[in-house]
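Enquirer: Dropping the sequence and predicted coords here.
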Amino acid sequence: MSNFAVLGRGSEGGGAALDQVALMTGAAMVVAVAAFWVAYLHRTRRITWLKTAADSLGRLANRPGWVALPLALFIATINTALLGFIWDVSLHIGKGRDQGPLANPAHYFILVGLFFLFIAGMSAVVLPLDEKPGPAAIRITRDWHAPVGGVLMAGAGLYALIGFPLDDIWHRLFGQDVTLWGPTHLMLIGGAGLSLIAVLLLEFEGRLDRPDPERTDGPLLWLVRALVFGGLLIGLSVYQVEFDFGVEQFRLVFQPMLIAAASTIALVAARYTLGRGSALVVVAFAFVVRGSVAVLVGPVLGAPHNVFPLYLGVALVVESMGLLPLIRKPVWWGALTGLVAATAGLWLESLWVRRMFVDPWPAAMWPELLAMAVPVGIAGGALGAMLGLVLRGELLPGASMRRVIVIGAVAIAALATANGLRIQVPENASATVQLRDAEPVDGGRTVTADVTLSPADLVNADPEWVQILAWQGGIGPTSPGRGLVVDRLQQVGPGHYVSTKPVPAYGNWKTILRVHDARTLTALPIYMPHDRGIDAAGVPALDQFTRPFVAEVTVLQRERSFDHSAWLFTTASMVVLLCSLTLIWALSWGAARINLAYRRAAHTDSSTPRALR
């Protein structure tokens with residue numbers, strides 16, 4: 001590899017053009033300088049309007065201004081980022097790679113959302129002037145203290161923003177890995193998703209510093225807190241979005257594991273913090289938000305449609321488990337609730353998946369599904385219970401137990417992920433495909449397929465999928481599926497499958513035969529266009545052909561470069577992993593710091609509400 005690979009433009013599958021990089025960097029610097037200049041003027045008391053605006057919002061919510069204004073900014077920006085994220089995924093699925101970061105309208109929403117996520121966190125840091133914002137506040141200078149939640153929110157935003165330049169470097173080194181699960185992509189979505197924990201912590205810090213201490217929180221503020229938990233559920237669910245579109249590039253067993261992780265953390269924490277009915281309110285809010293975004297991105301903007309987990313089954317489990325006396329021992333209750341959620345809850349969720357998703361969960365997958373999801377669910381339930389303890393002001397377990405739970409949860413998630421990433425590509429396997437022309441669409445060829453696998457026992461009777469995927473053909477009202485068509489083939493004999501609907505095989509469409517059975521994950525091309533941008537030869541859709549199965553990643557991620565040293569990819573991945581573990585550690589440290597500080601304050605302050613003593 002050239003020493004100048006990071007600096008050069010390379011092929012279209014590499015990083016962005018340097019003029020676009022410079023323009024985006026310049027715009028970000030202008031906004032950053034303006035934000036820091038306002039912060040400087042506020043800290044030196046040369047302006048008063050920022051404090052006035054914050055305090056005005058604070059009086060409405062009966063929260064200090066350093067909570068009210070950051071939360072108002074956060075709510076606006078995180079919804080902007082969510083819309084941009086779902087839209088961006090749909091555009092890549094329906095159209096393929098971008099001509100550049102500035103050519104994709106969804107990128108503006110993502111960048112603005114994440115940038116103002118960072119600003120929202122920093123506003124909580126700079127707003128306190130003549131006060132120490134709670135007993136857990138972090139000292140910055142002799143007379144400047146910042147709330148822990150604000151520092152963590154700013155850190156999560158910065159973590160996500162760092163993903164943008166790292167993503168461009170990644171593409172220059174390794175090409176465009178057109179998958180949501182690219183390491184730098186996970187930074188972008190992980191920072192936004194995990195920032196909701198910081199938001200919950202910040203709101204808790206402000207609860208004991210109300211402008212009107214005699215005014216109690218009413219149902220409206222309870223609902224607002226429930227909606228923040230709904231945001232946490234959505235934020236932890238973004239890792240599943242490839243499954244939501246039906247173009248998952250990893251094994252299907254990951255989907256129930258990810259559902260178990262997101263739901264147990266968010267719903268257990270919500271139920272323990274807010275009490276009866278809260279888990280149901282959380283999933284209802286998540287359904288409304290995700291449904292609204294799905295409608296806006298699909299029918300309104302004309303991109304491929306998506307569905308999403310319902311989480312109702314898990315919510316019913318959590319609400320039922322909340323009636324047990326064991327809830328008086330929160331961590332044990334959370335772990336047991338996670339166990340039931342990852343079994344009975346997932347079974348209930350599978351009914352929704354079977355009805356709404358492209359790929360239902362086959363019966364043969366359930367043993368491995370449970371082996372991965374149950375430990376993750378137990379760990380997620382314990383973590384959710386500990387978050388609930390912090391948000392109720394109740395004492396956390398001892399330091400050694402906290403470390404065991406958090407480190408154990410990370411280790412469990414890592415082991416389950418490592419197991420899910422184990423795949424095999426069958427040797428000497430192929431498929432003979434006969435194509436028949438169907439009715440053309442806008443003059444473009446569409447086909448049905450008759451597929452014979454070799455060997456005939458390549459897959460078992462109940463595989464995860466044998467399907468034809470056609471994607472990246474271009475979005476629009478006349479484009480089949482708005483750029484995405486998935487056909488689950490019908491089995492008519494041993495190793496013999498036929499189409500159930502036509503798929504496109506013309507223009508920019510990439511049409512692929514995919515097979516997934518247990519650890520077998522493989523594919524072969526049916527039709528591929530000639531791609532001059534990455535110097536990739538076309539693959540014609542012949543009326544009849546026999547082609548070997550290959551590693552699926554080489555077909556789906558056509559722009560990705562495998563011409564690099566293994567140590568370089570490993571090192572780059574470890575850098576991203578280290579950043580992610582740092583964020584998880586920071587959130588854990590911040591929650592423990594808040595809990596211990598407020599517990600000490602509660603013992604010495606008779607005015608502390610009973611729920612926080």
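Expert: Happy to help now that I have it.

Enquirer: could you list every residue that touches residue 156?
Expert: With contact set as CB atoms under 8 Å, 6 or more residues apart in numbering, residue 156 has these partners: 117, 121, 191-192, 194-195, 198, 583, 587. Backbone N, C-alpha and C define where each C-beta goes, glycine included.

Enquirer: out of those residues, who has the most neighbours?
Expert: When neighbours are taken as other CB atoms under 10 Å, the top entry among the contacts of residue 156 is residue 195 (33 neighbours).

Enquirer: and that residue, that's in a strand?
Expert: No. When the secondary structure is assigned by DSSP: H, G, I helix; E, B strand; the rest coil, residue 195 falls in helix instead of a strand.

Enquirer: Ignoring the adjacent residues along the chain, who's closest to it?
Expert: With CB to CB, 6 or more residues apart in numbering as the criterion, residue 195 has its nearest non-adjacent residue at 3.8 Å, and that residue is residue 156.

Enquirer: next one: residue 152
Expert: Take residue 152 and drop its neighbours on the chain: the residue closest to it by CB to CB, 6+ apart is residue 198, 3.7 Å away.

Enquirer: quick one, what contacts the one you found?
Expert: Each residue near residue 198 by CB under 8 Å, 6+ apart is listed here: 121, 149-150, 152-153, 155-156, 587, 590.

Enquirer: Apply 7 Å and report the result again.
Expert: Residue 198 is in contact with 149, 152-153, 156, 587, counting by CB atoms under 7 Å, 6 or more residues apart in numbering.

Enquirer: need those in a markdown table with secondary structure and pLDDT, can you?
Expert: Rendered in a markdown table, the data for the contacts of residue 198 read as follows (DSSP: H, G, I helix; E, B strand; the rest coil; pLDDT from 0 to 100):
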| residue | secondary structure | pLDDT |
| --- | --- | --- |
| 149 | helix | 95 |
| 152 | helix | 96 |
| 153 | helix | 94 |
| 156 | helix | 93 |
| 587 | helix | 95 |
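
Enquirer: out of these, who's nearest residue 273?
Expert: Checking the contacts of residue 198 against residue 273 by CB to CB gives residue 149 as the nearest, at 14.8 Å.

Enquirer: ok, how many other residues are close to the residue nearest to the closest one when sequence neighbours are not counted?
Expert: For residue 149, ignoring the flanking residues on the chain, the nearest one in space by CB to CB, 6+ apart is residue 202 at 2.6 Å. Using other CB under 10 Å as the criterion, residue 202 is surrounded by 31 other residues.

Enquirer: got it, and the one 10 residues further on?
Expert: Residue 212 is surrounded by 9 other residues when neighbours are defined as other CB under 10 Å.

Enquirer: Find me the pLDDT at it, would you?
Expert: Residue 212 is assigned a pLDDT of 85 by the prediction.

Enquirer: from memory it sits against residue 60, does it?
Expert: No. Distance between residue 212 and residue 60: 11.0 Å, which falls outside the contact criterion (CB atoms under 7 Å).

Enquirer: The most centrally placed residue in the chain - nearest residue in space that isn't next to it in sequence?
Expert: For the chain, residue 238 is the residue whose C-alpha lies nearest the centre (CA atoms, centre = their mean; 2.4 Å). The shortest distance from residue 238 to any residue other than its chain neighbours is 4.6 Å, reached at residue 189 (CB to CB, 6+ apart).

Enquirer: Now do the same for the one you found: helix, strand or coil?
Expert: Look at residue 189: counting by three-state DSSP, its state is helix.

Enquirer: Surely it touches residue 85?
Expert: Yes. Taking contacts as CB under 7 Å, residue 189 lies within contact range of residue 85: 6.5 Å.

Enquirer: which of these two has more neighbours?
Expert: residue 85 (26 against 23).

Enquirer: Enumerate every residue touching residue 593.
Expert: 136, 148.

Enquirer: quick one, phi/psi of it?
Expert: Residue 593 adopts backbone torsions of phi -60, psi -50, taken as degrees, to the nearest 10.

Enquirer: cool, and residue 517?
Expert: Backbone torsions for residue 517, taken as degrees, to the nearest 10, come to phi -140, psi 110.

Enquirer: in the stretch 301-450 of the chain, which spans are helices?
Expert: Using DSSP state H, counting those that start in this stretch, the helices found in the stretch 301-450 of the chain span residues 312-321, 330-340, 346-356, 366-391, 399-421.

Enquirer: What of the stretch 1-150 of the chain?
Expert: Counting by DSSP H, counting those that start in this stretch, the stretch 1-150 of the chain has these helices, from start to end: 18-43, 49-61, 65-95, 105-126, 148-174.

Enquirer: Which one, of these, ends up nearest to residue 539?
Expert: The minimum distance between residue 539 and the helices of the stretch 1-150 of the chain falls on helix 65-95, with 19.5 Å, by CB to CB.

Enquirer: So what angle separates the directions of the closest one and helix 148-174?
Expert: 20 degrees (axes from the mean of the first three to the mean of the last three CA atoms, to 10 degrees).

Enquirer: re earlier: now the residue nearest to residue 195: how far from residue 261?
Expert: Going from residue 156 to residue 261 by CB to CB, to the nearest Å gives 18 Å.

Enquirer: What distance do you get for residue 165 to residue 496?
Expert: Taking CB to CB as the measure, residue 165 and residue 496 are separated by 50 Å.

Enquirer: Not counting sequence-adjacent ones, nearest residue to residue 180?
Expert: Closest residue in space to residue 180, ignoring its immediate chain neighbours: residue 242 at 4.9 Å, by CB to CB, 6+ apart.

Enquirer: what's near enough to touch residue 472?
Expert: The contact partners of residue 472, by CB under 7 Å, 6+ apart, come to 93-96, 483, 508-510.

Enquirer: hmm, 10 Å instead?
Expert: Residues touching residue 472, when contacts are defined by CB atoms under 10 Å, 6 or more residues apart in numbering, comprise 91-97, 178, 247, 483-484, 507-511, 529, 558.

Enquirer: Just the buried residues from the residues you listed, in PyMOL please.
Expert: Once 16 or more other CB atoms under 10 Å is used to decide burial, the buried members of the contacts of residue 472 can be selected in PyMOL as follows:
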select buried, resi 91+92+93+94+95+96+97+178+247+483+484+509+510+511+529+558
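
Enquirer: from the chain's centre, how far out does stretch 465-483 sit?
Expert: With CA atoms, centre = their mean, to the nearest Å as the basis, the distance from the averaged C-alpha position of stretch 465-483 to the chain average is 23 Å.

Enquirer: Now it: buried residues?
Expert: Within stretch 465-483, the residues that count as buried by 16+ other CB under 10 Å are 465-475, 479-483.

Enquirer: If we only consider the residues you listed, which is nearest to residue 223?
Expert: Among the buried residues of stretch 465-483, and counting by CB to CB, the member closest to residue 223 is residue 482, at 35.5 Å.

Enquirer: pretty sure that closest one is touching residue 245, no?
Expert: No. With contact defined as CB atoms under 10 Å, residue 482 does not reach residue 245; the gap is 11.1 Å.

Enquirer: which neighbours do those two share?
Expert: Common contacts of residue 482 and residue 245, defined by CB under 10 Å, 6+ apart, comprise 90, 93-94, 303-305.

Enquirer: Low-confidence ranges, this structure, go.
Expert: 1-21, 24, 99-102, 177, 603-613 (pLDDT under 70).

Enquirer: ok, 80 please
Expert: Applying pLDDT under 80 to the chain flags the ranges 1-28, 97-104, 164-179, 476-478, 533-534, 560-569, 572-573, 601-613.

Enquirer: How much space separates the residue lying closest to residue 194 once chain neighbours are set aside from residue 109?
Expert: In space, not counting the residues next to it along the chain, residue 194 is nearest to residue 156; the distance is 5.5 Å by CB to CB, 6+ apart. Using CB to CB, one gets 18 Å for the distance from residue 156 to residue 109.

Enquirer: and what of residue 121?
Expert: Using CB to CB, we find residue 121 at a distance of 19 Å from residue 109.

Enquirer: ok, now residue 439?
Expert: Applying CB to CB, the value for residue 439 to residue 109 is 37 Å.

Enquirer: Residue 389 now?
Expert: 36 Å.

Enquirer: contacting residues for residue 343?
Expert: Shown here is residue 343, whose contacts under the criterion CB under 10 Å, 6+ apart are 260, 317, 369-370, 373-374, 377.
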